[in-house]
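Asks: any chance you could fold what I've pasted below:
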Amino acid sequence: MPSSTSLSSRPIVITGMHRSGTSLVASYLSSLGVGLGDRLLAADARNPHGYFEDADFRELQGEILTDATPEGDGGHRDWGWTENERLDRGRFARWTERARALAATRSGRPGLWGWKDPRTSLLLDFWDEILDHQALYVLLYRFPWAVADSMQRVGADVFLDHPEYAYRIWAFYNRQLLDFHRRHPGRSLLVSTDALLRDPARLAPLLREKLGLAVADGSLASLRDRSLFVSFDPGDPLVSLVAATSPRCTRLLAELDEQADLPAAGLWNAAPLRGERPAGPIDLSVVIPCYELGELLVEAVASVERTAPDHCELIIVNDGSRQPRTLEVLAALREGGYHVIDQPNSGLAAARNRGIREARGRYILPLDADNRLSPGFITSAIQVLDAQPDVGVVYGDRLEFGGRNSRRSIPELDLPIFLWANYIDACAAYRREIWEACGGYDAGALVWEDWDLWLSAAERGWRFHRLPQVAFEYRVRPNSMLRQAEREGLRQTVREHIYRKHRGLYEENLTGVLLIGHTYLHAVTVDALKLRDSRDRVQREAELIAADARALRESRDRLQRDIDLLAASVEPERQALRALQQELATLRAEMAFMESTRAWRLRGVAVRLKNRLLRRG
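Replies: Model (predicted):
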């Protein structure tokens, strides 16, 4: 436990970009006895071990940053970042007194104290002035690709809708950290979280040697939850792809490593892109259509590079994107040798068809630009297709992340159930001859082009094979194409199109489809009844709570009336008491005046003489 008397009144501030390990380091310092506040944010699914974040500091800093950022400029104002990156630091001064008062409530306590909040990264100079340039700082940075991945897994709508924000906010925050550390190297510890996770024992010696804190060697490793920290190998394809598409981030990362007390040098390696199409026969072609999802496309491409074996190719189809960031990414990929096809915006079906027409693989694997392939699936799928000529389609489970986080187990193909509703995603490997025989993806099926293709394959007698492994990671986004189509009421139109196109298949399996439909509708009815019962129960509970609230209000009003009556009844006695107190005060003043006069002193002498004479007599 820290026990340095000379530093006992100096605060310790832990900060860094969001999702950069500040909670981990704060939990470590808390375990060593540093007081980080009484009202800490509660743990939740995003951080089940707790944030170790003082709610009062968090609320204040959120208000300051919101006040200093413009409205209507996108971004995330509570984080102090909007799209034009205008942070009006001149408005910080109006919050000085409130910040001083908050710091004063903490600094008066014995022992080491401090707080943790990523927002402090943008308020370092503001707080340093308030704390009389005496504070100590632990500044944390993490690989930008790891932070971007974590921000997507957290599932906040603003970042799922705007994945391009992640790298920009990372650079905005870490520029502040680097600038502050360069100006105050003696009072700040700049640490790579990635390096710290590799060697947790390094932190305690740094706190002692650099900041002069008398801390014991605590167990940071025991506090780490590996499920919260997705790590990447130094040579992971994503590193080089980020360096090519977001070069300012990797340049800033190199500067941070150069200045850091615990750098991540050697833990990442950005190599030039080599996306050239392979020569010779191709087993499988991965086709990624892209429309305005450039930032996510980088992760999709990295997943292909990470998982595809030899004799595979990648084809990217730009379906008329106009977003500047997406065009930047596509240009960087094209320059890096990737096969990028440009076409006017024509929709998902047309983009897939265009890519497949130029594909050379015997097998096709479509991948949406916002999803990611899982390791091992391509290899397993090729093995099945090579070994079983009657199998036309190979698929697996999916791992959902973003808006939801869970593994979705996909069942074996049951044709009547499949005719009722699609449950096999487009991200499945299939024989190119299926696409050719079926005439490609049907634009009339809109967002269910994959269902239409699978039904066409089933009509032709192809067998579907399920692999008991995760095939891909599915990003759950609030504004995905499927959700937009559902909001626009296109479901019925698309179903009618598919029913008409595959009428023969539906007629052959009509009994099974009707039974499945009946079972489905029965289940929906049961669920609806349960929901109605739950609603009624909640309504009754709400009515009881409302009745209790009314009774409490009535009791409160009665009590207030009794208090008012009691106050009115004792008021005359209060007035009489105040009059007596005033009269007594007047008498005391008169007595004090009399006692100070010469006559009173002579009277005292006379009384004493009289008493002596009486004793002699």
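
Asks: show me the domain layout of the chain.
Replies: Domain ranges of the chain: 5-230+244-259, 282-508, per automatic domain parsing.

Asks: now the terminal residues of the shortest one, how far apart.
Replies: In this case it means domain 282-508. Domain 282-508 stretches 38 Å from its first residue to its last (C-alpha to C-alpha, to the nearest Å).

Asks: now do the helices in the stretch 251-400 of the chain.
Replies: Here the stretch 251-400 of the chain has its helices, by DSSP state H, counting those that start in this stretch, at 294-307, 324-335, 348-357, 377-387.

Asks: one step back: for Glu541, find the nearest of the domains of the chain.
Replies: Nearest to Glu541, of all the domains of the chain, is domain 5-230+244-259, at 24.3 Å by C-beta to C-beta. The way it works is simple: take the backbone N, C-alpha and C, and place the C-beta from them, glycine included.

Asks: returning to that earlier point: Thr597 is nearest to which of the domains of the chain?
Replies: Among those, domain 5-230+244-259 sits nearest to Thr597 (C-beta to C-beta), with 50.6 Å.

Asks: pLDDT on that closest one, on average?
Replies: On average, the pLDDT along domain 5-230+244-259 is 90.

Asks: re the thing from before, quick one, which of the domains of the chain is nearest to Leu521?
Replies: Counting by C-beta to C-beta, Leu521 lies closest to domain 282-508 out of the domains of the chain; the figure is 10.2 Å.

Asks: what sits against the residue nearest to the spatial centre of the chain?
Replies: By C-alpha atoms, centre = their mean, the mean C-alpha position of the chain lies nearest to Val154, the distance being 3.5 Å. Val154 sits next to Arg19, Arg46 when contact means C-beta atoms under 8 Å, 6 or more residues apart in numbering.

Asks: how close does it sit to Asp319?
Replies: Val154 sits at a distance of 29 Å from Asp319 (criterion: C-beta to C-beta, to the nearest Å).

Asks: then Leu124?
Replies: According to C-beta to C-beta, Leu124 stands 44 Å off from Asp319.

Asks: picking up where we left off before, how about the domains of the chain in a markdown table, adding distance to Asp564?
Replies: A markdown table is the format used below for the domains of the chain (distance: least, C-beta to C-beta, whole Å):
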| stretch | distance to Asp564 |
| --- | --- |
| domain 5-230+244-259 | 36 |
| domain 282-508 | 54 |
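
Asks: and Glu571, which of the ones you listed is closest to it?
Replies: That would be domain 5-230+244-259 among the domains of the chain, by C-beta to C-beta, at 38.6 Å.

Asks: contacts for stretch 373-381, please.
Replies: Defining contact as C-beta under 8 Å, 6+ apart, one finds that stretch 373-381 is touched by 284, 286, 300, 303-304, 306-309, 312, 363, 365, 367, 394, 396, 399, 427, 429, 467, 469-473.

Asks: the strand ranked longest in the chain packs against which elements?
Replies: In the chain, taking DSSP state E as the definition, the longest strand is strand 463-476. Packing partners of strand 463-476 (3 or more C-beta pairs under 8 Å, 6 or more residues apart in numbering; DSSP states H and E): helix 294-307, strand 372-373, helix 377-387, strand 391-402, helix 449-459.

Asks: what about 7 Å?
Replies: In terms of contacts (3 or more C-beta pairs under 7 Å, 6 or more residues apart in numbering; DSSP states H and E), strand 463-476 is packed against strand 372-373, helix 377-387, strand 391-402.

Asks: show me the contact partners of that strand.
Replies: 152, 370-374, 376-377, 380-381, 384, 388, 390-404, 407, 410, 412-413, 427 (C-beta atoms under 7 Å, 6 or more residues apart in numbering).

Asks: cutoff 6 Å now
Replies: With C-beta atoms under 6 Å, 6 or more residues apart in numbering as the test, strand 463-476 has contacts from 370-374, 377, 380, 384, 390-391, 393-394, 396-404, 412-413, 427.

Asks: can you list the low-confidence ranges for the stretch 501-617 of the chain?
Replies: For the stretch 501-617 of the chain, applying pLDDT under 70 flags the ranges 600, 605, 616-617.

Asks: what segments of it are helices?
Replies: Listed in chain order, the helices of the stretch 501-617 of the chain (DSSP H, counting those that start in this stretch) span 503-508, 510-595, 598-616.

Asks: could you dump the ones you listed to a markdown table with mean neighbour count and distance to Ser107?
Replies: Below are those laid out as a markdown table (neighbours: other C-beta atoms under 10 Å; distance: least, C-beta to C-beta, whole Å):
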| stretch | mean neighbour count | distance to Ser107 |
| --- | --- | --- |
| helix 503-508 | 13 | 74 |
| helix 510-595 | 10 | 39 |
| helix 598-616 | 9 | 55 |
